[in-house]
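S.K.: quick one, fold the following:
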Amino acid sequence: ASMAVLRVLVLVAICALILQASADPRAAAPSWITRRRCTKRNEVFKECVSSSCSEAKCWKPVVGPFCTDDCQYGCFCRKGFFRNRRGNCVKWNRCRRG
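M.R.: The predicted structure follows:
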């Protein structure tokens, strides 16, 4: 009986992986995500952006060139701003050097 249970669990896991892999990353935001106003300075709400290419950071100022094919929703730095280690979006000249 335990072998049958194991087979069912493996089958369920494989089906879950296939469903996740076949999901369209450009699909509309899930219903639990509501477009919201960003409260921090120099941030903008973005829908379905790659987690690896969503914003520039002081320690990684160049976005890309290779981006993951995932969907992130939330507040990200506006173009021309960089996320610092304190979590704020600042101009390049405000990024700490060294």
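S.K.: hey, let's count contacts and neighbours off CA atoms from now on
M.R.: Fine.
S.K.: list the buried residues of stretch 77-90.
M.R.: Judged by neighbour count using 16 or more other C-alpha atoms under 10 Å, the buried positions of stretch 77-90 are 77-78, 81-84, 88-90.
S.K.: now the strands for this protein?
M.R.: Per DSSP state E, the chain carries strands over the ranges 43-49, 56-57, 72-77, 82-83, 89-90.
S.K.: just these: most buried one?
M.R.: Ranked by mean neighbour count under mean count of other C-alpha atoms under 10 Å, the strands of the chain are led by strand 82-83, which reaches a mean of 26.
S.K.: how about residues contacting it?
M.R.: Applying C-alpha atoms under 8 Å, 6 or more residues apart in numbering, the contact partners of strand 82-83 are 55-58, 61, 77, 88-92, 95.
S.K.: quickly name whichever of the buried residues of stretch 77-90 is closest to Pro65.
M.R.: Phe82 (16.8 Å; C-alpha to C-alpha).
S.K.: show me what the closest one is bridged to.
M.R.: Judged by DSSP bridges, the bridge partners of Phe82 are Ala56, Val90.
S.K.: next one, pLDDT for it please.
M.R.: Here the pLDDT value assigned to Phe82 is 97.
S.K.: on that earlier part again, relative to Phe45, which of the contacts of strand 82-83 is nearest.
M.R.: The closest of the contacts of strand 82-83, once distances to Phe45 are taken by C-alpha to C-alpha, is Cys77, at 8.7 Å.
S.K.: residues touching the spatially closest residue to that closest one that is not a sequence neighbour, list them.
M.R.: Nearest non-adjacent residue to Cys77, counting by C-alpha to C-alpha, 6 or more residues apart in numbering: Glu43, 4.5 Å away. Glu43 is in contact with 75-78, 89, counting by C-alpha under 8 Å, 6+ apart.
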